[in-house]
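S.K.: my questions are about this predicted structure, shown below with the sequence.
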Amino acid sequence: MSVTRALQGQTAGRARATLGPALAIIQHQQETGQLGAFQEGRINTHEVRMSGWDRVIRRYRRMNGLTQAALGEVLGVEQATVSRWECGFHHPDLAMQKRLRSLLRHDFVASDDIIMHRVRNSLSAMKMAHMNGRNLAVSGKAATLHGVNREFLEGLEYRHLFTDVLGAQWQLAREAGFFRGEIASIHVYNTWRPACGGEIRYCEGFWTPTFLSDGQVMLTSEFADIEAAVYKQVPEDGRVTVVSVDDLFQ
């Protein structure tokens, strides 16, 4: 799959998913008189979306597999209210913000330390990396494949070792919204370069997002070495498969 085709597919998926909330916004704007104000240029959209709760609520709902209606039922509000929060045209009152913070604290009971512990002790080759390519946690098997010890591989700015194929796939992930929490998984076949140096190798990998307590999204990769012949048998348009969060709810 080319980068262009993959991004076109992601854009189309997001457009379908946002149609419903957009209609709710228009209805709300008509009821409150905001629609005319927008048309006359009296309201700045950046000012309307300044609360920041929109992304927090949407991310919490998606991470927990909830529809807007289901989250509304938990909080005692209508689905349309949740939709307006997520679109940024309303934000929760102080009492509701307190309830939401309580939910978020419960959601992050699995602390960052526990997440790192899981990666480091995985029985498979696994790495968790920042969007800039820096490794934050790696498993022993991943370090073995790279021919270095785990302490060296953790903290390594691996992006300068990216092959062209891996670099293009990483850029696709960024542009598709992976580090904004919009992607559920990416299945890849690529070339990679061991941290110890040596010849370029081939792998199959499965990338999923990991949400840290500060809201940052990390890329967790499980990967396995494959033979060059296996890699070359996979057609180019089959080497990247992106599944968006919106796809899971369609």
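M.R.: That came through, no problem. Numbers count the residues shown, from 1 in each chain.

S.K.: show me the contacts for the residue most central in space within the chain.
M.R.: With distances taken as Cα atoms, centre = their mean, the residue of the chain nearest its centroid is Gly181 (2.7 Å). With contact set as Cβ atoms under 8 Å, 6 or more residues apart in numbering, Gly181 has these partners: Arg55, Arg59, Arg62, Met63, Pro209, Phe211, Val217, Val245. Where you see a C-beta, it was placed from the backbone N, CA and C, and this is true even at glycine.

S.K.: same thing but 10 Å
M.R.: Shown here is Gly181, whose contacts under the criterion Cβ atoms under 10 Å, 6 or more residues apart in numbering are Arg55, Arg58, Arg59, Tyr60, Arg62, Met63, Pro209, Phe211, Gly215, Gln216, Val217, Val245.

S.K.: is it correct that the fifth one falls within a helix?
M.R.: Yes. Applying DSSP: H, G, I helix; E, B strand; the rest coil, one finds Arg62 inside a helix.

S.K.: about what we covered before: the residue nearest to the centre of the chain and Arg62, how far apart?
M.R.: As defined by Cβ to Cβ, to the nearest Å, Gly181 lies at a distance of 7 Å from Arg62.

S.K.: now do the shared contacts for the two.
M.R.: Phe211, Val245.

S.K.: ok so, going back, how about CSV for the contacts of Gly181, with secondary structure and neighbour count added?
M.R.: Rendered in CSV, the data for the contacts of Gly181 read as follows (DSSP: H, G, I helix; E, B strand; the rest coil; neighbours: other Cβ atoms under 10 Å):
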residue, secondary structure, neighbour count
Arg55, helix, 15
Arg58, helix, 21
Arg59, helix, 21
Tyr60, helix, 17
Arg62, helix, 17
Met63, helix, 13
Pro209, strand, 21
Phe211, strand, 19
Gly215, coil, 13
Gln216, coil, 14
Val217, strand, 19
Val245, helix, 22
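
S.K.: pick out the most distant pair among those.
M.R.: Taking every pair in these and measuring Cβ to Cβ, the maximum separation is 16.6 Å, between Gln216 and Val245.

S.K.: on that earlier part again, from the contacts of Gly181, pick the one nearest Glu151.
M.R.: Nearest to Glu151 out of the contacts of Gly181 is Gln216 (Cβ to Cβ; 22.6 Å).

S.K.: wait, what's in contact with Leu103?
M.R.: Residues near Leu103 by Cβ under 10 Å, 6+ apart: Ile57, Tyr60, Asn64, Leu71, Val74, Leu75.
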